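**Student:** below is the sequence, then the predicted model.
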Amino acid sequence: MPMRLNSTRVLVFGSALAIALAACAPAGESDAGTGTPPPSRPDPGVRPSAPERLSTGEVASDQRAEQLADVLHTFISRHSPGLRVQNVLSSVTQSERSTKRHAAALVADERAAYGSVAVELEEPPATTGDSACLPAFNPCEVRAVANGVVQLLDHTETTTADIQGYFYTAARGEQPLTVRSATTVSAEGSHFWNGGRKLAKPPLNADDTVLLLDALSRLRR
């Protein structure tokens, strides 16, 4: 028959053990927050005052990625008056199923505020879906272009203050191209940089984002 422990003895022993451990604890270390606090650590959420280059760990760019970057640079220069292109970068990410090519432009205004426009092209496309807008995507609309349709998420009036465009080869089909026009330079939005004051509005508006996706779709193989 298994032994049963007396609950009173267990409680007394546990209390005594806790008191002994507390007496042996070094001064200044307390769960209650008394004593000297531990050294502070840098806040990972603090943004650099100016955009800094991120380490993406990707392979060097190739000719097609550089072509995306050239089209992006030219398009922004023509469609974003008042902004200057600070830098344009491109890179390639390879997997067993596809190759993703990235191109992004870092832009600035006369107040030294920064934004970005990033492009991603996946060949062959690994994503297939429906371009229809769901309630969770609002504000959202679908626009027809020469080679397919664009699902447009215009968040200009929200806290994210960006515009995202997704090119589909058909209303329900492959989704090889993405463009993001962002007022805040971040790793998620720009791919290559992080930091700096944000722009008052996205570098490319909704109409220009659709035009850029339409132009880029013509470069697909």
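**Tutor:** Ah, there it is.
**Student:** all contacts plus neighbour counts: C-alpha atoms, from now on.
**Tutor:** Fine.
**Student:** so residue 98 makes contact with residue 121?
**Tutor:** No. The pair residue 98 / residue 121 is not scored as a contact, 10.1 Å apart, by Cα atoms under 8 Å.
**Student:** show me which of the two is the more surrounded one.
**Tutor:** Neighbour comparison, residue 98 and residue 121: the larger count goes to residue 121, with 25 against 13 (by other Cα atoms under 10 Å).
**Student:** so who does that one touch?
**Tutor:** 100, 101, 102, 176, 177, 178 (Cα atoms under 8 Å, 6 or more residues apart in numbering).
**Student:** can you check residue 178 too?
**Tutor:** Shown in contact with residue 178 (Cα under 8 Å, 6+ apart): 119, 120, 121, 164, 165, 166, 167, 213.
**Student:** redo those as CSV? Include pLDDT, distance to residue 197 and secondary structure.
**Tutor:** Converted to CSV, the contacts of residue 178 look like this (pLDDT from 0 to 100; distance: Cα to Cα, whole Å; DSSP: H, G, I helix; E, B strand; the rest coil):
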residue, pLDDT, distance to residue 197, secondary structure
119, 98, 22, strand
120, 97, 24, strand
121, 96, 28, strand
164, 96, 20, strand
165, 97, 24, strand
166, 97, 27, strand
167, 98, 29, strand
213, 97, 27, helix
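**Student:** show me which of the residues you listed is closest to residue 194.
**Tutor:** Each of these was scored against residue 194 by Cα to Cα, and residue 119 proved nearest at 16.3 Å.
**Student:** backbone dihedrals for the closest residue to that closest one other than its chain neighbours, please?
**Tutor:** Residue nearest to residue 119 in three dimensions, not counting chain neighbours: residue 179, with 4.6 Å by Cα to Cα, 6 or more residues apart in numbering. For residue 179, the backbone dihedrals are phi -130, psi 140 (criterion: degrees, to the nearest 10).
**Student:** wait, residue 179 touches residue 118, no?
**Tutor:** Yes. If you go by Cα under 8 Å, residue 179 and residue 118 touch, sitting 5.6 Å apart.
**Student:** got the contact list for the residue nearest the centre of the chain?
**Tutor:** Nearest to the centroid of the C-alpha atoms of the chain, with distances taken as Cα atoms, centre = their mean, sits residue 188, at 1.4 Å. Contacts for residue 188 (Cα under 8 Å, 6+ apart) come out as none.
**Student:** start at 53 instead
**Tutor:** In the new numbering, first residue 53, that becomes residue 240.
**Student:** need the per-residue pLDDT for it.
**Tutor:** Listed pLDDT for residue 240 reads 90.
**Student:** any idea how far residue 212 is from it?
**Tutor:** 12 Å (Cα to Cα, to the nearest Å).
**Student:** residue 105 too?
**Tutor:** 21 Å.
**Student:** over to residue 195?
**Tutor:** 22 Å.
**Student:** and if you look at residue 223?
**Tutor:** 26 Å.
**Student:** who's more crowded, these two?
**Tutor:** Counted by other Cα under 10 Å, residue 223 and residue 212 do not tie: residue 223 has more neighbours, with 18 against 12.
**Student:** leaving out sequence neighbours, find the closest residue to the more buried one.
**Tutor:** residue 183 (5.4 Å).
**Student:** over to residue 220?
**Tutor:** In space, residue 220 is closest to residue 227, 4.5 Å off (Cα to Cα, 6+ apart).
**Student:** contact partners for that neighbour?
**Tutor:** Contacts of residue 227 by Cα under 8 Å, 6+ apart are 177, 178, 179, 180, 181, 218, 219, 220, 221.
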